[in-house]
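Colleague: following is a predicted model, sequence given first.
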Amino acid sequence: MKHKAGILEIVATVATKIATLKFDEASNALFSIIKKEVNLLEAESSFPGREIAYIHKAKETFIG
């Protein structure tokens, strides 16, 4: 939820920067979205029990 709110905030910032013709700041905000995605993936990869969650998800997907 925090992640989605953060991205929404960045998108709003980009729109504001483009509207005021501050394109360099808008591009920096767009790149911060990518950085947030990378940070999220890194954090998810270190969660304890992620292997068990994967097995559960795979079982639901393929077996039903």
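Modeller: Right, received. Where do you want to start?

Colleague: helix, strand, or coil at the most centrally placed residue in the chain?
Modeller: Taking CA atoms, centre = their mean as the criterion, Glu37 is the residue nearest the geometric centre of the chain, at 3.7 Å. Secondary structure for Glu37, judged by DSSP: H, G, I helix; E, B strand; the rest coil, is helix.

Colleague: so how far is Phe62 from it?
Modeller: Glu37 sits 27 Å away from Phe62, going by CB to CB, to the nearest Å. Placement of C-beta: from N, CA and C, glycine included.

Colleague: how about Leu41?
Modeller: For Leu41, the distance to Phe62 equals 24 Å [CB to CB].

Colleague: check Phe31 too.
Modeller: 37 Å.

Colleague: neighbour count for the two, which is higher?
Modeller: Using other CB atoms under 10 Å as the criterion, Phe31 and Phe62 rank with Phe31 on top: 11 against 7.

Colleague: neighbours of Ala29, how many?
Modeller: Using other CB under 10 Å: Ala29 sits among 19 other residues.

Colleague: the one 3 residues further on now?
Modeller: Ser32 is surrounded by 16 other residues when neighbours are defined as other CB under 10 Å.
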